[in-house]
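Peer 1: Build me a structure from this.
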Amino acid sequence: MRNLFGHSAFRNPSVLIGGSILLLLLAVSILAPLLTQYDPQAIAPRFRLKFPSDEFLMGTDMLGRDVWTRVVHGGRVSLLVSAVVAIIAISIGLAIGLTAGYIRWLDGPVMRTMDGLMAIPGILLAIALVSLSGASLLTVIIAIVIPEIPRVARLVRGVVLSIREEPYVEAAVGLGTPTVKILIKHILPNTIAPLIVQGTYICASAILVESILSFLGAGLPPEIPTWGNIIAEGRAVFQRAPWIILFPGGFLAVTILAVNILGDGLRDTLDPRMKKRLGA
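Peer 2: Numbering: from 1, shown residues only. Sure, this is the predicted structure:
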């Protein structure tokens with residue numbers, strides 16, 4: 001953990017670039033009410049399909065709504081979904097991975113269940129859940145979380161399988177240390193670094209899946225501004241008003257790129273084998 005928060009991590013260009021872009025996007029999303037002067041859901045037909053200008057930085061859509069206002073407010077939804085999905089997926093996947101990796105008789109049944117979940121295409125599973133339960137923020141989060149849990153569980157299980165054979169773990173077992181204490185004190189700290197890296201990729205995947213669901217009409221209700229909803233609404237008038245798609249699409253691409261760059265930088269910093277390979 002010291003490498004993550006120490007100066008060595010912040011010397012990594014990928015961490016600096018990815019982290020800076022994400023902090024900027026987060027600040028813009030949080031301050032969205034202060035950075036905009038229009039209601040993201042207010043309809044103003046007299047302003048429909050206005051070209052980007054001083055008054056409308058990113059133009060307006062077919063209902064006269066300010067695209068800039070909708071894009072920055074949509075960022076709040078996308079970033080919130082990604083953060084919540086990452087936290088829930090890592091928490092549940094960590095518990096499953098620790099249990100399956102350390103308790104040998106549970107390993108087979110638990111991991112075969114995880115393999116079964118991974119065999120189901122994530123997008124199709126998400127669409128099915130949203131179609132059955134209705135479009136809401138909670139349903140979208142659950143639909144995105146379920147496919148991510150097996151990936152976290154497999155990652156943690158792999159770490160546990162290698163750590164549980166270490167001499168200090170075997171010594172703790174020989175001394176009669178309770179299983180829960182061994183997991184928390186000796187094994188859990190070794191999973192933190194890979195989980196941090198995995199968390200960044202889950203965030204990027206969650207943002208993309210939420211946008212895809214919204215674009216397909218299986219995500220949040222159309223009146224809620226999300227990047228996927230904005231892009232979906234702009235399809236019908238793309239030739240006449242391409243800015244309705246280009247601006248939210250650009251924000252979406254930059255966000256996912258920044259998260260992936262940050263994840264690569266953290267992987268290079270936290271993985272000793274990668275640091276040695278890079279000559280760090």
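
Peer 1: packing partners for the helix or strand where residue 69 lies?
Peer 2: Using DSSP states H and E, residue 69 sits within helix 67-102. Judged by 3 or more CB pairs under 8 Å, 6 or more residues apart in numbering; DSSP states H and E, helix 67-102 is in contact with helix 13-30, helix 32-35, helix 104-118, helix 137-163, helix 188-215, helix 227-234, helix 243-270. Where C-beta positions appear, they are placed from N, C-alpha and C, glycine not excepted.

Peer 1: Tell me which of these sits most buried.
Peer 2: helix 227-234 (a mean of 24; mean count of other CB atoms under 10 Å).

Peer 1: contact partners of that one?
Peer 2: Contact with helix 227-234 is made by 61-62, 67, 70-71, 74-75, 78, 210-217, 219-220, 222, 241-242, 244-245, 248-249, 251-252, as judged by CB atoms under 8 Å, 6 or more residues apart in numbering.

Peer 1: ok, now which ones touch residue 265?
Peer 2: Under the criterion of CB under 8 Å, 6+ apart, the neighbours of residue 265 are 9, 12-19.

Peer 1: let's see it at 7 Å
Peer 2: With contact set as CB atoms under 7 Å, 6 or more residues apart in numbering, residue 265 has these partners: 12, 14-15, 18.

Peer 1: Of those, which pair is most distant in space?
Peer 2: When the contacts of residue 265 are compared pair by pair using CB to CB, the two farthest from each other are 12 and 18, 9.4 Å apart.

Peer 1: Count the residues that sit near residue 52.
Peer 2: 16 (other CB atoms under 10 Å).

Peer 1: what's the nearest residue to it if we skip its chain neighbours?
Peer 2: Taking CB to CB, 6 or more residues apart in numbering as the measure, residue 52 lies nearest to residue 59, with 4.4 Å between them; neighbours along the chain are not counted.

Peer 1: repeat for residue 139
Peer 2: For residue 139, ignoring the flanking residues on the chain, the nearest one in space by CB to CB, 6+ apart is residue 133 at 4.5 Å.

Peer 1: Check what pLDDT that neighbour gets.
Peer 2: Residue-level confidence at residue 133 comes out at 76, pLDDT.

Peer 1: Likewise for residue 232?
Peer 2: Per-residue confidence at residue 232 stands at 86 (pLDDT).

Peer 1: ok, now residue 24?
Peer 2: At residue 24 the predicted local distance difference test score is 92.
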